[in-house]
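Chemist: just a sequence and a predicted model for now, questions to come.
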Amino acid sequence: MMAVDDELSAQQAYSTMLRDHIGLAIRASGFKGSKGSYQMRRDEWVVWVEFQRSKWSTRESVQFDLNVGVSHPLTQTLFVEANREAASLGKEAEEPPAGSYWNRLSLLCEREQFGWEVTPTAPVEPVALDVMTCLRDRFLPIAYSEIQKPLSAPTPPKQRPDRLSRAEANEAALTWHLEALRQAGVTNLRREK
């Protein structure tokens, strides 16, 4: 275990954990990168992991989470260009059914608190092990599943429905949420206008 040093800051402990523990383990899993930014290429797909420190990190504590994702850059580019044209025509934007996945690792791992924490007085190895276990057991199966999904082209912009007004979009979202709650068995729903 890494020796605990009273003079060590949480930022230094975090950097050491990334360099000496997570960086080595994640590269052994097939990723390339360093300093909290890693990618793995599978044919035309990119599986990526980005560490994100809390802006409230201090000398005593660094809280962090990981943004994880799977992308198919060519598909993403096609949808961005088609959505730009659709917007100019007053038509709806469209999300690709495959080729653009993003999440936070702490959400995938159903953690009770936001992300992970490193302090200068606690060993970093258990934190690194927990992060790597979560990556391996929760994110990588999703990543491999995403890569297997069939890709599709965007709907031509002129064939898309007209864009809803903000009020119409809010009404549609509210209706969808209320129906989901009803299906989940919530019975005391009240709608106020």
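Modeler: Arrived safely, thanks for sending.
Chemist: roughly how far apart are residue 65 and residue 134?
Modeler: Plainly put, residue 65 is 11 Å away from residue 134 if you go by C-beta to C-beta, to the nearest Å. Just so you know, the C-beta spots here come from the backbone N, C-alpha and C atoms, and that holds for glycine as well.
Chemist: overlap of the contact sets of the two?
Modeler: residue 105 (C-beta atoms under 8 Å, 6 or more residues apart in numbering).
Chemist: can you pull the pLDDT of the spatially most central residue of the chain?
Modeler: The centroid of the chain falls nearest to residue 103 when counting by C-alpha atoms, centre = their mean (2.2 Å). At residue 103, the pLDDT value in this model is 94.
Chemist: now do the one 10 residues further on
Modeler: On pLDDT, residue 113 comes in at 75.
Chemist: tell me the domain ranges of the protein?
Modeler: Following automatic domain parsing, one finds the domains of the chain at 10-162, 164-193.
Chemist: what's the least confident stretch among the ones you listed?
Modeler: Among the domains of the chain, domain 164-193 scores lowest, with a mean of 76.
Chemist: longest helix in the protein, please.
Modeler: helix 166-183 (DSSP state H).
Chemist: what comes up buried for it?
Modeler: The neighbour-count check on helix 166-183 (16 or more other C-beta atoms under 10 Å) flags nothing as buried.
Chemist: same question, stretch 75-89
Modeler: Buried, per 16+ other C-beta under 10 Å, within stretch 75-89: 75, 78, 79, 82, 83, 86.
Chemist: of those, which is the nearest to residue 120?
Modeler: The shortest gap between residue 120 and any of the buried residues of stretch 75-89 belongs to residue 75, at 43.8 Å (C-beta to C-beta).
Chemist: for the helix or strand that contains the closest one, packing partners?
Modeler: Element membership for residue 75 (DSSP states H and E) is helix 73-88. With contacts defined as 3 or more C-beta pairs under 8 Å, 6 or more residues apart in numbering; DSSP states H and E, the packing partners of helix 73-88 are strand 100-104.
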